[in-house]
Structure formats: C-alpha cells, structure tokens
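Chemist: quick check, what structure comes out for this input:
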Amino acid sequence: MNDNNYDTLSEALNDLKKRGYTEDFNLKGDCIACPSLQLELRPEEFEVDEVHRFEGMSYPGDNSVVYAISSRDRAIKGVLTDAYGAYAEAITPEMAQKLRA
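Modeler: I've put the predicted structure just below:
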C-alpha cells in the first residue's frame with residue numbers, strides 16, 4: 001500500500017497532489033467529508049490507496065498519518081491527514097476498520 005518513502009508530511013502531501021490526490025478530506029465520526037465538493041463518503045464508498053505515517057521528533061502529539069484516498073469509481077482522489085495514537089480522532093468501528101487496517 002505504501003511504495004514511497006517520504007521524510008516529511010509536506011513532502012508526502014506535495015507528491016500525492018502531483019499524482020492526482022487533489023482534494024482535501026476531513027475526518028468525521030462515520031465518514032470522510034470533502035468541503036470543496038460538498039461531499040461525504042462512507043467507508044463503503046472509498047478506498048485507501050496509500051498510508052504514510054510520520055513521528056514527531058520530541059512530542060507525541062506531532063505523530064501524524066496521511067491517507068491517499070479515492071472514491072470507489074476513482075473519480076475523486078484526495079488526502080486525509082490525522083493524528084495517530086492517543087491523539088487520533090474518535091470514529092465509528094467501520095471507519096476505524098477502513099482506515100486502520
């Protein structure tokens with residue numbers, strides 16, 4: 001799922017954007033939302049194409065993960081960034097299974 005090795009979160013985001021992951025998704029409890037398209041995708045409506053984790057050097061709150069996500073029909077591609085570990089967002093079991101698998 002992860003063929004690229006990135007040193008920084010910004011490097012990952014820039015490369016993913018160049019590769020067509022242009023939308024920004026926000027994590028909600030039971031879906032991901034794309035405000036620019038006024039769209040919400042439930043777990044069964046999207047695929048996680050890549051996952052990249054980054055650890056903060058000195059503060060655990062800096063731990064983050066970026067997901068490269070596409071809609072089932074691959075018409076919409078974007079990124080979702082989140083913290084992981086103790087600082088991760090509270091989400092439904094279905095969303096957790098989709099994102100944490």
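Chemist: biggest helix in this protein by residues?
Modeler: helix 9-18 (DSSP state H).
Chemist: quick one: average confidence on it?
Modeler: With pLDDT averaged residue by residue, helix 9-18 scores 95.
Chemist: report the buried residues of whichever helix or strand comes after it.
Modeler: Per DSSP states H and E, the first helix or strand lying C-terminal to helix 9-18 is strand 23-27. Within strand 23-27, the residues scored as buried using 16 or more other Cβ atoms under 10 Å are 23, 25, 27. All C-beta spots, glycine's among them, are computed from the backbone N, C-alpha and C.
Chemist: residue 82 versus the second one, what's the distance?
Modeler: Pointing back at residue 25 there. Distance, residue 25 to residue 82, by Cβ to Cβ, to the nearest Å: 10 Å.
Chemist: need the overlap of contacts for the two.
Modeler: residue 67 (Cβ atoms under 8 Å, 6 or more residues apart in numbering).
Chemist: now residue 64: how far from residue 38?
Modeler: From residue 64 to residue 38 the distance is 26 Å (Cβ to Cβ).
Chemist: mind checking which of these two has more residues around it?
Modeler: Comparing residue 64 with residue 38 by other Cβ atoms under 10 Å, the one with more neighbours is residue 64, at 19 against 7.
Chemist: that one: what's it in contact with?
Modeler: 9, 53, 54, 56, 81, 82, 83, 84.
Chemist: beta partners for it?
Modeler: residue 54, residue 83 (DSSP bridges).
Chemist: and the end-to-end length of stretch 8-28?
Modeler: By Cα to Cα, to the nearest Å, the extent of stretch 8-28 from end to end equals 25 Å.
Chemist: mind listing what's buried along that stretch?
Modeler: Applying a neighbour-count criterion of 16+ other Cβ under 10 Å, one finds 9, 12, 13, 16, 21, 23, 25, 27 buried in stretch 8-28.
Chemist: ok so, going back, what's the closest of the contacts of residue 64 to residue 91?
Modeler: residue 82 (9.2 Å; Cβ to Cβ).
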